[in-house]
Structure formats: C-alpha cells, structure tokens
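Enquirer: Need a 3D model of the following:
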Amino acid sequence: MESKPQVSELTKHIGYWMRFVSNHVSHGFMTKAEAQGVTVAEWTIMRQMFVAGPVNPSQLAVQMGMTRGAISKLVERLCVKGVVRRTASHGDRRYQSVSLTAKGEKLVPALARLADKNDGEFFGHLTEEARTDLVRLLRSIVDRNGWIDVPVN
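Expert: This next block holds a predicted model:
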C-alpha cells in the first residue's frame with residue numbers, strides 16, 4: 001500500500017494567517033462602506049480623487065495601478081451615485097477629467113473615519129510599537145516584491 005506524502009499543516013503557513021486576518025478586516029470595512037452606499041473599490045478611487053483633485057481617468061488608472069477599463073467602470077458607477085462628475089475639456093471633447101461632487105467631498109472624510117474605526121476594532125488591542133512593526137514588516141514584503149497596485153478588493 002502506497003503512503004501519502006507528508007504535507008505541511010495549513011496553519012503553519014504565514015499566508016494562511018495573513019489571509020485569515022485580511023478576510024475579516026476587509027469584510028468589516030466592506031460592511032461599513034456598503035452601509036454608506038459605496039463599495040471598497042469605489043472608496044479607494046474616491047480617496048485618491050480627494051487628494052488628486054480633478055484628474056484624467058487615465059492618470060487615475062496609473063496612480064492606482066489599475067486598468068483604464070476598471071477605472072471607467074468604477075467612475076461610471078460613482079457618477080450614477082452622484083459622488084463623482086465628468087467634465088469634458090472645452091478644447092478637446094475626447095479629453096475629460098473626473099472629480100468629486102460636493103456629496104463625494106463630504107462622503108470621503110466619513111468613510112475615512114469608518115476605515116479608522118475598522119482598524120481600531122481589529123488592531124486597537126496592539127501596542128503602538130506592535131502596529132508599527134506589523135506595518136513595517138508588511139511594507140517590506142510589498143517593497144521586496146515591487147507591488148504598486150492599490151488593493152481594491
């Protein structure tokens with residue numbers, strides 16, 4: 001009778017624990033954001049637009065490490081929700097910029113407070129030193145792999 005090869009336990013993998021925590025943290029914020037009428041992906045775009053001001057969708061795609069198609073779909077959904085507007089250039093109708101509406105400008109800080117609250121719920125029990133160490137370790141993984149895409153899901 002052939003014996004099965006040895007395989008490591010799932011719980012021995014750091015990735016298992018990272019995904020476990022990430023799923024719960026992400027779901028917590030997703031619930032909070034959706035209660036305000038936006039998805040996490042929409043929130044990340046709105047947050048970037050809050051800092052950038054009026055921006056061309058192509059530039060937004062580059063800033064966020066996303067495709068233009070993905071940005072276009074998210075911008076369209078946000079326009080329908082009344083939190084983003086498109087403005088065509090007077091000189092070239094093909095060129096447009098997108099920006100937050102007054103409603104969007106008010107919503108971003110409220111969502112940021114919810115993101116802060118979510119972090120507090122999941123990581124508030126850690127000391128400031130432990131939180132700093134955790135972020136430093138995670139950033140070193142990001143830097144080592146050269147990841148630039150903004151996580152939206």
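
Enquirer: before we move on, what SS does Leu126 have?
Expert: At Leu126 the chain is in coil, as set by DSSP: H, G, I helix; E, B strand; the rest coil.

Enquirer: OK, contacts around it?
Expert: Contacts were defined as Cβ atoms under 8 Å, 6 or more residues apart in numbering; by that measure Leu126 touches Leu134. Any C-beta I mention is one placed from the backbone N, CA and C, and that applies to glycine too.

Enquirer: let's go with 6 Å and repeat that
Expert: Applying Cβ atoms under 6 Å, 6 or more residues apart in numbering to Leu126 gives no contacts.

Enquirer: Just want to check the distance between it and Gln59.
Expert: According to Cβ to Cβ, to the nearest Å, Leu126 and Gln59 sit 36 Å apart.

Enquirer: Also Val83?
Expert: According to Cβ to Cβ, Val83 and Gln59 sit 19 Å apart.

Enquirer: Buried residues in whichever strand or helix holds Leu60, which are they?
Expert: Assessed by DSSP states H and E, Leu60 sits inside helix 57-64. By 16 or more other Cβ atoms under 10 Å, the buried positions in helix 57-64 come out as 57, 60-61, 63-64.

Enquirer: ditto for stretch 125-143
Expert: For stretch 125-143, using 16+ other Cβ under 10 Å, no residue counts as buried.
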